[in-house]
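Visitor: Attaching a predicted model along with its sequence, questions to come.
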Amino acid sequence: MKIIKTSIAAAAVAAVTLSTLPAVAQAEDSPVSANIALTTKYKYRGQDQSDDQKNVLPAVQGGFDFAMNGFYVGNWNSSVGFGNGTEMDFYAGYRGEVQGFGYDVGVLHYYYPGVGDIATTEAYVSVGFGPVTAKYSHTVSKKYFGLVGGRGTGYLEVKAAYEVTDGITLVGSVGTTRFTSEGKSNGAVNYTDYKVGADFGLPGGFTAGIAYVGANKKGTYGDLNKARVIATLSKAL
């Protein structure tokens, strides 16, 4: 999912939710679910996932889940505009509900085949109630997408989804990335990202989404954090 560039880290610093992991529909009689999507631009935590800073650079994405009795494992993949052009995410966890509050705890590993030392592992926990979900991710690998001193980097996101009418859902989120002091000494800068948009249910189980996505600290990170209008067409399989 994700890249950040610092003035010192020459490698791409990259970072699946239901804040970043894709939502996957699951048939009631099957523990396996899957999804596929086409998006006009791949952004992760507000940052472009490509070396080419075009407003439109399509990415193909998709994955699957296996879930049973609250436990789940899954894989999500996307084309990216750097390295060998592929990101593969692997995750596992447990989700449930208590008194109307949903919760989810797990671990997520980001892997980029053929790219140098930028693989990253995060542990995460989320809590949701009604249309609002808060999620915190904590880097447990030694590096954060190639950034030396990345262990301990934290990401907190609050997102909301509200169905205004049948088939139309407003979505929004704000997140903040906070680096360790060592990460900052190696060029990383804390920043905040945002998203606001809407999803539209279409015939055949398709969903179309339109969103305005970006982050602050644009000058520090070049154009990676530039706000862009992104369109996505997805389908649960």
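Guide: It's in. Residues are numbered from 1 along each chain as shown.
Visitor: For this structure, give me the ranges with low pLDDT.
Guide: 1-28 (pLDDT under 70).
Visitor: how about the strands in it?
Guide: Secondary structure of the chain by DSSP state E: the strands cover 32-39, 43-44, 47-48, 59-68, 71-79, 86-98, 101-111, 120-129, 132-139, 154-165, 168-178, 191-201, 206-215, 228-236.
Visitor: who wins for proximity to residue 146 among those strands?
Guide: Distance to residue 146, taken as C-beta to C-beta, is lowest for strand 120-129 among the strands of the chain, at 8.3 Å. For glycine as for every other residue, the C-beta is placed from the backbone atoms N, C-alpha and C.
Visitor: name the helices or strands packed onto that closest one?
Guide: Counting contacts by 3 or more C-beta pairs under 8 Å, 6 or more residues apart in numbering; DSSP states H and E, strand 120-129 packs against strand 101-111, strand 132-139.
Visitor: ok, residues contacting that strand?
Guide: Strand 120-129 has contacts (C-beta atoms under 8 Å, 6 or more residues apart in numbering) with 14-15, 17-19, 93, 100-110, 133-141, 143-145, 150, 155.
Visitor: mind running it again at 6 Å?
Guide: Identification of contacts with strand 120-129 by C-beta atoms under 6 Å, 6 or more residues apart in numbering yields 101-110, 133-141, 144-145.
Visitor: Adjacent strands (with direction) for that strand?
Guide: strand 101-111 (antiparallel), strand 132-139 (antiparallel) (DSSP bridges).
Visitor: Just give the number of residues close to residue 117.
Guide: Using other C-beta atoms under 10 Å, residue 117 has 13 neighbouring residues.
Visitor: Please report phi then psi for it.
Guide: phi -80, psi 70 (degrees, to the nearest 10).
Visitor: That one and residue 87: what is the separation?
Guide: According to C-beta to C-beta, to the nearest Å, residue 117 and residue 87 sit 15 Å apart.
Visitor: just how off-centre is stretch 171-178 within its chain?
Guide: Computed by C-alpha atoms, centre = their mean, to the nearest Å, the separation of stretch 171-178 from the middle of its chain amounts to 11 Å.
Visitor: Correction: the previous question concerned stretch 116-123.
Guide: Counting by C-alpha atoms, centre = their mean, stretch 116-123 comes out at 14 Å from the chain centroid.
Visitor: so what's the closest residue to residue 204 other than its chain neighbours up against?
Guide: Nearest residue to residue 204, sequence neighbours excluded (C-beta to C-beta, 6 or more residues apart in numbering): residue 235, at 7.5 Å. For residue 235, the contact set (C-beta under 6 Å, 6+ apart) comprises 36, 205-206.
Visitor: Residue 105 versus residue 82, what's the distance?
Guide: Counting by C-beta to C-beta - residue 82 and residue 105 are separated by 31 Å.
Visitor: now the contacts of residue 235: which count as buried?
Guide: Taking 16 or more other C-beta atoms under 10 Å as the criterion, what is buried in these is residue 36.
Visitor: now, which of the contacts of residue 235 sits nearest residue 186?
Guide: Nearest to residue 186 out of the contacts of residue 235 is residue 36 (C-beta to C-beta; 37.0 Å).
Visitor: looking at it, the closest one is touching residue 61, isn't it?
Guide: No. Using C-beta atoms under 6 Å, residue 36 is not in contact with residue 61; the gap is 7.2 Å.
Visitor: ok so, going back, and the helices and strands packed on strand 120-129: which comes nearest residue 30?
Guide: Minimum separation from residue 30 across the helices and strands packed on strand 120-129 (C-beta to C-beta) falls at strand 101-111, 20.3 Å.
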